[in-house]
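> Mind folding the following:
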Amino acid sequence: MKAMILAAGFGTRMQPLTNTTPKPLLKVADKPLIDWALDRLSEVNCQQTLVNLHYLGAQIQDHLKTRVSYISENPVLETGGGVQNAIDHGHFKDQPFYVCNADNLWLDGERSALARLADAWDDASMDGLLLLQDVNKANGYDGDGDFVREDTGVLQRLRDAPQGGPASVFTGVQILHPRLFKDAPGGAYSLNILYDKALRNGRLHGLVHTGDWYHVGTPTDLAATDKILRGPS
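Numbers count the residues shown, from 1 in each chain. This is a model prediction of the structure:
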């Protein structure tokens with residue numbers, strides 16, 4: 001399976017660290033965030049990885065060199081528009097593919113989360129499959145969650161689900177199919193628009209992560225995650 005890493009954003013919440021360094025190159029335990037994702041992809045023998053670039057993209061390209069392919073955006077196209085732009089330029093054809101946020105950081109459980117996603121993918125019933133983490137197990141996350149997962153794996157928005165359902169947060173790791181982007185709006189837009197379409201059709205599913213996931217949104221989050229992963233000094 002091929003993959004796309006979303007690395008074009010401005011990292012506004014991570015300022016002032018991102019004033020001169022793109023967020024994907026900020027380090028946790030001496031490793032840039034984007035390298036954590038690439039290492040996980042290499043473990044499942046990902047066929048090819050595409051990285052989208054905009055803000056300080058030359059720094060990312062200089063760091064990764066020929067490890068990946070690149071597609072540039074000007075202006076920045078947000079998550080949905082960025083993936084659609086890649087599809088419009090001939091990437092991914094009619095096959096499902098991984099999409100990971102470049103600032104994502106997760107550790108696998110007994111099995112690779114990416115391998116579990118690939119095994120769980122059902123082309124007949126899914127347009128998207130999201131890796132979720134229980135809100136009570138999400139390191140550094142203090143929100144209410146994003147989705148409720150039914151026993152069948154079908155997702156509902158937390159705000160639309162019956163009360164009492166277990167809430168999960170989206171980790172930023174997923175498998176998508178290009179057909180999800182049919183009749184998409186174009187330009188800059190969020191993947192949430194397409195998630196809502198898939199939700200209405202019962203074609204957005206979720207898989208619960210069995211390892212650790214770290215919310216790395218601010219300098220405080222980054223420092224806390226770095227301390228955890230470095231372990232006792």
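
> Name the residues that touch stretch 184-202?
When contacts are taken as C-beta atoms under 8 Å, 6 or more residues apart in numbering, the neighbours of stretch 184-202 outside the stretch itself are 75-81, 83-84, 125, 127-128, 154-157, 180-181, 204. For every residue, glycine as well, the C-beta is placed using N, CA and C.

> need the longest strand for this structure.
Across the chain, the strand with the greatest residue count (assigned by DSSP state E) is strand 167-176.

> May I see the buried residues of that one?
Along strand 167-176, the positions that meet the burial threshold by neighbour count (16 or more other C-beta atoms under 10 Å) are 167, 168, 169, 170, 171, 172, 173, 174, 175, 176.

> What helices and strands are in contact with it?
The elements that strand 167-176 packs onto, with contact taken as 3 or more C-beta pairs under 8 Å, 6 or more residues apart in numbering; DSSP states H and E, are strand 97-101, helix 113-120, strand 128-134, strand 147-149.

> need these in TSV with mean pLDDT, mean neighbour count and distance to residue 199, can you?
Conversion of the helices and strands packed on strand 167-176 to TSV gives the following (pLDDT from 0 to 100; neighbours: other C-beta atoms under 10 Å; distance: least, C-beta to C-beta, whole Å):
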stretch	mean pLDDT	mean neighbour count	distance to residue 199
strand 97-101	98	24	17
helix 113-120	98	18	18
strand 128-134	98	24	9
strand 147-149	94	23	9
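
> export the ones you listed to JSON lines and tack on distance to residue 229?
Conversion of the helices and strands packed on strand 167-176 to JSON lines gives the following (distance: least, C-beta to C-beta, whole Å):
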{"stretch": "strand 97-101", "distance to residue 229": "18"}
{"stretch": "helix 113-120", "distance to residue 229": "17"}
{"stretch": "strand 128-134", "distance to residue 229": "16"}
{"stretch": "strand 147-149", "distance to residue 229": "26"}
